[in-house]
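Enquirer: sequence? don't have it. structure:
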(Lines give C-alpha, C1' and ligand atoms only; values in the text may rest on other atoms or scores of the structure.)
Protein backbone atom coordinates (compact mmCIF):
# COMPACT_ATOMS: atom_id res chain seq x y z
CA UNK A 1 0.00 0.00 0.00
CA UNK A 2 1.56 3.34 -1.04
CA UNK A 3 2.38 5.84 1.69
CA UNK A 4 0.03 8.80 2.05
CA UNK A 5 1.31 12.32 1.24
CA UNK A 6 2.52 14.29 4.26
CA UNK A 7 -0.29 16.85 4.00
CA UNK A 8 -2.86 14.04 3.98
CA UNK A 9 -1.29 12.49 7.08
CA UNK A 10 -1.40 15.84 8.90
CA UNK A 11 -5.01 16.38 7.84
CA UNK A 12 -6.02 12.95 9.13
CA UNK A 13 -4.27 13.53 12.45
CA UNK A 14 -5.99 16.88 12.79
CA UNK A 15 -9.41 15.37 12.18
CA UNK A 16 -8.78 12.65 14.76
CA UNK A 17 -7.40 15.27 17.14
CA UNK A 18 -10.45 17.53 16.79
CA UNK A 19 -12.75 14.58 17.50
CA UNK A 20 -10.64 13.76 20.56
CA UNK A 21 -10.89 17.41 21.73
CA UNK A 22 -14.71 17.30 21.53
CA UNK A 23 -14.77 14.17 23.67
CA UNK A 24 -12.26 15.38 26.30
CA UNK A 25 -12.66 19.18 26.49
CA UNK A 26 -13.09 20.26 30.10
CA UNK A 27 -11.67 17.10 31.67
CA UNK A 28 -8.18 18.45 32.44
CA UNK A 29 -7.57 21.00 35.22
CA UNK A 30 -4.54 23.28 35.65
CA UNK A 31 -2.01 21.78 38.08
CA UNK A 32 -1.33 25.12 39.81
CA UNK A 33 -4.53 24.79 41.81
CA UNK A 34 -6.42 27.70 40.24
CA UNK A 35 -9.26 25.36 39.27
CA UNK A 36 -9.40 26.51 35.64
CA UNK A 37 -9.77 24.02 32.81
CA UNK A 38 -7.01 23.55 30.24
CA UNK A 39 -8.11 24.51 26.74
CA UNK A 40 -7.36 21.44 24.63
CA UNK A 41 -6.00 21.64 21.09
CA UNK A 42 -6.07 18.93 18.45
CA UNK A 43 -2.31 18.36 18.62
CA UNK A 44 -2.49 17.59 22.37
CA UNK A 45 -3.78 14.15 21.41
CA UNK A 46 -0.33 13.18 20.12
CA UNK A 47 1.94 15.62 21.97
CA UNK A 48 0.33 15.22 25.38
CA UNK A 49 -1.88 17.51 27.46
CA UNK A 50 0.03 20.34 29.24
CA UNK A 51 -0.12 20.35 33.01
CA UNK A 52 -0.59 24.12 33.28
CA UNK A 53 -2.46 26.94 31.61
CA UNK A 54 0.20 29.14 29.91
CA UNK A 55 1.83 31.33 32.58
CA UNK A 56 0.44 29.35 35.54
CA UNK A 57 3.46 27.07 35.91
CA UNK A 58 5.13 29.67 38.15
CA UNK A 59 2.12 30.25 40.44
CA UNK A 60 3.41 27.68 42.93
CA UNK A 61 6.69 29.58 43.08
CA UNK A 62 5.38 32.79 44.67
CA UNK A 63 7.26 34.89 47.16
CA UNK A 64 10.55 33.47 48.38
CA UNK A 65 10.06 30.30 46.30
CA UNK A 66 10.32 32.26 43.06
CA UNK A 67 13.81 32.31 41.48
CA UNK A 68 13.32 36.02 40.70
CA UNK A 69 12.69 36.87 44.37
CA UNK A 70 14.46 40.09 45.35
CA UNK A 71 13.52 40.27 49.00
CA UNK A 72 10.03 41.62 48.33
CA UNK A 73 11.24 45.05 47.24
CA UNK A 74 11.51 46.03 43.57
CA UNK A 75 11.83 49.26 41.59
CA UNK A 76 9.87 50.03 38.44
CA UNK A 77 9.63 53.32 36.50
CA UNK A 78 11.31 55.10 39.40
CA UNK A 79 8.81 53.90 42.03
CA UNK A 80 9.51 51.33 44.77
CA UNK A 81 7.08 48.44 45.28
CA UNK A 82 6.71 46.07 48.22
CA UNK A 83 5.46 42.51 48.15
CA UNK A 84 2.09 42.54 49.96
CA UNK A 85 -0.07 39.80 48.41
CA UNK A 86 -2.89 40.29 50.96
CA UNK A 87 -3.35 43.97 50.10
CA UNK A 88 -6.73 44.58 48.37
CA UNK A 89 -5.09 46.66 45.63
CA UNK A 90 -2.00 44.49 45.07
CA UNK A 91 -0.97 43.92 41.46
CA UNK A 92 0.81 40.58 41.08
CA UNK A 93 1.35 40.75 44.83
CA UNK A 94 3.05 44.17 44.85
CA UNK A 95 1.93 47.59 46.12
CA UNK A 96 3.65 50.98 45.75
CA UNK A 97 5.72 51.67 48.85
CA UNK A 98 4.67 55.32 49.16
CA UNK A 99 1.02 54.25 49.33
CA UNK A 100 1.78 51.67 52.01
CA UNK A 101 3.59 54.26 54.13
CA UNK A 102 0.70 56.71 53.83
CA UNK A 103 -1.88 54.03 54.68
CA UNK A 104 0.11 53.09 57.79
CA UNK A 105 0.29 56.76 58.77
CA UNK A 106 -3.47 57.44 58.40
CA UNK A 107 -4.49 54.01 59.71
CA UNK A 108 -6.63 52.92 56.74
CA UNK A 109 -6.52 51.96 53.07
CA UNK A 110 -6.57 54.72 50.46
CA UNK A 111 -9.97 55.45 49.00
CA UNK A 112 -10.70 55.05 45.28
CA UNK A 113 -10.19 58.77 44.53
CA UNK A 114 -7.11 59.21 46.74
CA UNK A 115 -3.45 59.04 45.83
CA UNK A 116 -0.07 60.02 47.27
CA UNK A 117 2.02 62.88 45.88
CA UNK A 118 5.82 63.14 46.15
CA UNK A 119 6.41 66.76 47.16
CA UNK A 120 9.97 66.98 45.79
CA UNK A 121 9.02 65.02 42.61
CA UNK A 122 11.53 62.24 43.46
CA UNK A 123 9.57 59.03 42.99
CA UNK A 124 11.67 56.81 45.26
CA UNK A 125 11.94 59.32 48.13
CA UNK A 126 9.29 57.80 50.38
CA UNK A 127 10.06 59.67 53.58
CA UNK A 128 6.76 60.55 55.26
CA UNK A 129 7.61 64.27 55.21
CA UNK A 130 7.92 64.05 51.43
CA UNK A 131 4.50 62.44 50.97
CA UNK A 132 1.19 64.26 50.66
CA UNK A 133 -2.24 62.64 50.67
CA UNK A 134 -4.31 64.13 47.88
CA UNK A 135 -7.04 63.36 45.38
CA UNK A 136 -6.46 62.22 41.80
CA UNK A 137 -7.70 65.57 40.46
CA UNK A 138 -5.43 67.66 42.67
CA UNK A 139 -2.52 65.35 41.91
CA UNK A 140 -2.89 65.96 38.18
CA UNK A 141 -3.02 69.71 38.87
CA UNK A 142 0.24 69.42 40.85
CA UNK A 143 2.05 67.90 37.88
CA UNK A 144 0.38 70.12 35.29
CA UNK A 145 1.94 73.09 37.08
CA UNK A 146 5.35 71.41 37.13
CA UNK A 147 8.13 73.42 35.50
CA UNK A 148 8.68 70.59 33.01
CA UNK A 149 5.18 71.07 31.59
CA UNK A 150 5.29 73.01 28.28
CA UNK A 151 2.14 74.93 29.20
CA UNK A 152 3.78 76.46 32.30
CA UNK A 153 7.42 76.94 31.25
CA UNK A 154 6.96 80.62 30.44
CA UNK A 155 10.63 81.17 31.27
CA UNK A 156 11.59 79.17 28.17
CA UNK A 157 11.04 81.15 24.99
CA UNK A 158 9.63 79.36 21.95
CA UNK A 159 11.60 81.75 19.73
CA UNK A 160 14.84 80.66 21.41
CA UNK A 161 14.00 76.98 20.87
CA UNK A 162 13.23 77.55 17.18
CA UNK A 163 16.34 79.67 16.69
CA UNK A 164 18.57 77.00 18.26
CA UNK A 165 16.99 74.27 16.17
CA UNK A 166 17.24 76.17 12.90
CA UNK A 167 20.90 76.85 13.67
CA UNK A 168 21.54 73.10 13.61
CA UNK A 169 21.53 72.30 17.32
CA UNK A 170 20.38 68.81 18.30
CA UNK A 171 17.42 68.40 20.61
CA UNK A 172 19.53 67.23 23.55
CA UNK A 173 21.84 70.22 23.08
CA UNK A 174 18.85 72.57 23.15
CA UNK A 175 17.58 70.91 26.34
CA UNK A 176 20.98 71.28 27.97
CA UNK A 177 21.33 74.93 26.95
CA UNK A 178 17.81 76.05 27.93
CA UNK A 179 17.52 73.61 30.88
CA UNK A 180 14.24 72.11 29.75
CA UNK A 181 12.87 68.69 28.81
CA UNK A 182 12.85 67.08 25.38
CA UNK A 183 9.05 66.83 25.51
CA UNK A 184 8.90 70.61 25.95
CA UNK A 185 11.09 71.17 22.89
CA UNK A 186 9.00 68.71 20.88
CA UNK A 187 5.80 70.42 21.97
CA UNK A 188 7.04 73.90 21.03
CA UNK A 189 8.37 72.75 17.63
CA UNK A 190 5.11 70.98 16.93
CA UNK A 191 3.12 74.08 17.88
CA UNK A 192 5.28 76.12 15.48
CA UNK A 193 4.60 73.46 12.80
CA UNK A 194 8.27 72.57 12.49
CA UNK A 195 8.68 68.86 11.87
CA UNK A 196 11.78 66.81 12.65
CA UNK A 197 12.71 63.19 12.00
CA UNK A 198 13.15 61.67 15.45
CA UNK A 199 15.39 58.78 14.48
CA UNK A 200 17.70 60.75 12.23
CA UNK A 201 20.54 62.72 13.81
CA UNK A 202 20.73 64.87 10.66
CA UNK A 203 17.19 66.21 11.00
CA UNK A 204 15.42 67.45 7.93
CA UNK A 205 13.78 70.73 8.87
CA UNK A 206 10.47 71.52 7.22
CA UNK A 207 8.06 74.30 7.96
CA UNK A 208 4.48 73.50 7.10
CA UNK A 209 3.62 77.18 6.90
CA UNK A 210 5.68 77.56 3.71
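Expert: Structure's in. What do you need? Note that this is a predicted model, so its numbers are computed, not measured.

Enquirer: In this protein, where is pLDDT below threshold?
Expert: Scanning the chain with the threshold set as pLDDT under 70 gives 1-4, 6, 58-71, 143-153, 196-210.

Enquirer: Grab the longest helix from this protein for me.
Expert: As assigned by DSSP state H, the longest helix anywhere in the chain is helix 6-24.

Enquirer: Past it, which element shows up next along the chain?
Expert: Using DSSP states H and E, the helix or strand that directly follows helix 6-24 along the chain is helix 44-47.

Enquirer: mind listing what's buried in that following helix?
Expert: 44-45 (16 or more other CB atoms under 10 Å). In short, each C-beta sits where N, CA and C put it, glycine included.

Enquirer: by contact count, what packs against the next helix or strand along the chain from that helix?
Expert: Following helix 44-47 in sequence order, the next helix or strand is strand 73-76 (DSSP H and E). Judged by 3 or more CB pairs under 8 Å, 6 or more residues apart in numbering; DSSP states H and E, strand 73-76 is in contact with strand 79-83.

Enquirer: Summarise which helices and strands the strand it packs on is packed against.
Expert: With contacts taken as 3+ CB pairs under 8 Å, 6+ apart, strand 79-83 sits against strand 73-76, strand 94-96, helix 97-106.

Enquirer: In contact with residue 89, which residues are there?
Expert: Contact analysis of residue 89 by CB atoms under 8 Å, 6 or more residues apart in numbering lists 95, 99, 109-110.

Enquirer: CSV for those, including neighbour count and distance to residue 7?
Expert: Formatted as CSV, these follow (neighbours: other CB atoms under 10 Å; distance: CB to CB, whole Å):
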residue, neighbour count, distance to residue 7
95, 19, 54
99, 23, 58
109, 14, 60
110, 15, 60
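
Enquirer: re the thing from before, could you say what helices and strands the longest helix of the chain packs with?
Expert: helix 44-47.

Enquirer: Give me the distance between the residue nearest the centre of the chain and residue 91.
Expert: Most central in the chain under CA atoms, centre = their mean is residue 77, positioned 8.6 Å from the mean C-alpha point. Residue 77 sits 13 Å away from residue 91, taking CB to CB, to the nearest Å as the criterion.

Enquirer: Same question for residue 189.
Expert: 37 Å.

Enquirer: between these two, who's got more neighbours?
Expert: For the pair residue 189 and residue 91, the greater number of neighbours falls to residue 189 (19 against 9), based on other CB atoms under 10 Å.

Enquirer: I am finished for the moment; much appreciated.
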